[in-house]
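J.: Sequence and computational prediction follow.
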Amino acid sequence: MRIHRTTFARARAITFLIALSLTFPLAAQEARWKELNAQAEQLQKQGKYAEALPVAQEAVHVAEGTFGPQHPNTASALEQLGEVYQAERKNAEAEPFLKRALEIRERALGAESPEVAQSLNSLGDLYRVEEKNADAEPLLKRALAIREKALGPEHPDVATSLNNLAILYEVHLRKLAEAEQLFKRALAIREKTLGPEHPDVATSLNNLADLYSDQGKYAEAEPLFKRSVAIQEKSLGSEHPNVARSLVSLAGFYLNWGKYAEAEPLFKRALSIREETLGPEHPDVAQSLNNLAVLYLRQGRYAEAEPLLKRSLVIRERILGPEHPDVTWSLNNLAGLYWYEGRFAEVEPLLKRSLAIREKALGPERPEVAGVLNNLASLYREQGKYAEAEPLLKRSLAIREKALGSEHPLVADSLNYLAELGCSLHSSNHYRLWFRRSKQNEK
């Protein structure tokens, strides 16, 4: 049977039109997905997490419908949704999305792809924040190994992995010598590949300075902090939010060193930058208000600290929600202010609310919960309520030993508190037991 040319041409035209009808919606959907991703990322940077969440959820929905549930673009959308949840400190909600993103990338791109390393970093960072150090370390190490193999040992992404692993070692595992070497290597890579004036170099300088400050090596830390601020100002402009972040680090360093006169103008300048660039209701503004208030508390300037702490609390409650873990920092510091002023009746409800928020949001076995338990126990001890203080201190000790290990400095702190309480109770046997354990931990 012969097919007429006109018939064949019509068939080709129909096929072409069908292809166009499929291509145009696909392109439109892809553009929509990219738009949603960009919008969610921007809202997250602005600290508008409640607004970012539905946008990120819609981006996942569009990605799954456009590319399919196993496509790398869907993994990207899932990862961003997980990061929004993590920014809200909703780690339990974040974890399944980050895990699914990792599984998709491993299946679609291969176990050694740089995109898989990115997912490993995201999931490892989540576990680090949750103090799941045994889960975090192998993920961060695997991400580093993949990047070194796929990108070369001098690639900037390798520096990022080194930095993340170093933070785990410094802050959580207290492997300070290992952390220092990783921070130094990350700094060297960034200086070589990005140039000595790049903002990422400033980040590495800041991290290394934090490590030295943590060890009391103030003379080594100070020039690194200052160089970090200078790089940020030169590369980003003096009013950039990242400059404010570097100023906060330098001011916090001076605060810990007891150089309050140097710290105050830096905290104030950081607050001014954040109010101007991010708006007066941003979570970073609340952090700056809190920082300045802590400085005033250290100096006994209670009347100046109180309105700052109250404004910080209001911002966090309004923007993040009244049950957000960051609200507890404002509650704890406001309680500290009232403590210093002898307003004990106002301290207890703030600490109890802080404890309830952390238990609900983070879980009852987290080190952050142990910190509030210690504060509440100290209040009861101050009031002579020893029987109420003791179970709180014992619970705090149990949490810290389980989460941090028996050799951690905070475990020694808890043992010291119990020893002091035992002394107050005139319970010499308990006092000797707790004191002996605390001295062993300090060796």
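T.: Done, it's in.
J.: Can you pull the poorly scored residue ranges out of this protein?
T.: In the prediction, the chain carries residues with pLDDT under 70 at positions 1-26, 47, 423-443.
J.: Excluding sequence neighbours, find me the nearest residue to the residue nearest to the spatial centre of the chain.
T.: By C-alpha atoms, centre = their mean, the chain has its centre lying nearest to Val129, at 6.6 Å. In this structure, Val129 finds its nearest non-sequential neighbour in Asn91, 6.7 Å apart by C-beta to C-beta, 6 or more residues apart in numbering. C-beta: built from backbone N, CA, C; applies to glycine.
J.: my guess is that neighbour meets Arg128, correct?
T.: No. Using C-beta atoms under 8 Å, Asn91 and Arg128 do not qualify as a contacting pair, with a distance of 10.7 Å.
J.: Would you map the helices across the stretch 251-400 of the chain?
T.: 260-278, 283-298, 302-320, 325-340, 344-362, 367-382, 386-404 (DSSP state H, counting those that start in this stretch).
J.: Restricting to C-alpha, output the second one in PDB.
T.: The C-alpha coordinates for helix 283-298 follow below in PDB (Å, rounded to 0.1, in the frame of the first residue of the first chain):
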ATOM      1  CA  PRO A 283      16.000  36.700  63.700                       C
ATOM      2  CA  ASP A 284      19.600  38.000  63.300                       C
ATOM      3  CA  VAL A 285      18.500  41.300  64.700                       C
ATOM      4  CA  ALA A 286      17.200  39.400  67.700                       C
ATOM      5  CA  GLN A 287      20.600  37.700  68.100                       C
ATOM      6  CA  SER A 288      22.400  41.100  68.000                       C
ATOM      7  CA  LEU A 289      20.000  42.500  70.600                       C
ATOM      8  CA  ASN A 290      20.700  39.400  72.800                       C
ATOM      9  CA  ASN A 291      24.500  39.800  72.300                       C
ATOM     10  CA  LEU A 292      24.500  43.400  73.400                       C
ATOM     11  CA  ALA A 293      22.300  42.600  76.400                       C
ATOM     12  CA  VAL A 294      24.700  39.900  77.500                       C
ATOM     13  CA  LEU A 295      27.500  42.400  77.400                       C
ATOM     14  CA  TYR A 296      25.500  44.800  79.600                       C
ATOM     15  CA  LEU A 297      24.700  41.900  82.000                       C
ATOM     16  CA  ARG A 298      28.400  41.200  82.400                       C
END
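J.: Please name every helix or strand in contact with that helix.
T.: helix 241-257, helix 260-278, helix 302-320, helix 325-340 (3 or more C-beta pairs under 8 Å, 6 or more residues apart in numbering; DSSP states H and E).
J.: I'd like these as JSON lines, with mean neighbour count and distance to Ala230 appended.
T.: JSON lines is the format used below for those (neighbours: other C-beta atoms under 10 Å; distance: least, C-beta to C-beta, whole Å):
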{"stretch": "helix 241-257", "mean neighbour count": "22", "distance to Ala230": "9"}
{"stretch": "helix 260-278", "mean neighbour count": "19", "distance to Ala230": "13"}
{"stretch": "helix 302-320", "mean neighbour count": "19", "distance to Ala230": "28"}
{"stretch": "helix 325-340", "mean neighbour count": "22", "distance to Ala230": "29"}
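J.: With distance to Leu376 added, can I get those in a markdown table?
T.: Listed next are these as a markdown table, based on distance: least, C-beta to C-beta, whole Å:
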| stretch | distance to Leu376 |
| --- | --- |
| helix 241-257 | 25 |
| helix 260-278 | 28 |
| helix 302-320 | 18 |
| helix 325-340 | 9 |
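J.: hmm, back to that, around the residue nearest to Val129, count how many other residues there are.
T.: Residues within reach of Asn91, counting by other C-beta atoms under 10 Å, total 20.
J.: For it, give me its contacts.
T.: Neighbouring residues of Asn91 by C-beta atoms under 8 Å, 6 or more residues apart in numbering: Tyr85, Leu126, Val129, Glu130, Leu362.
J.: Restricted to strands, list the residues you listed.
T.: Using DSSP state E, no member of these falls in strands.
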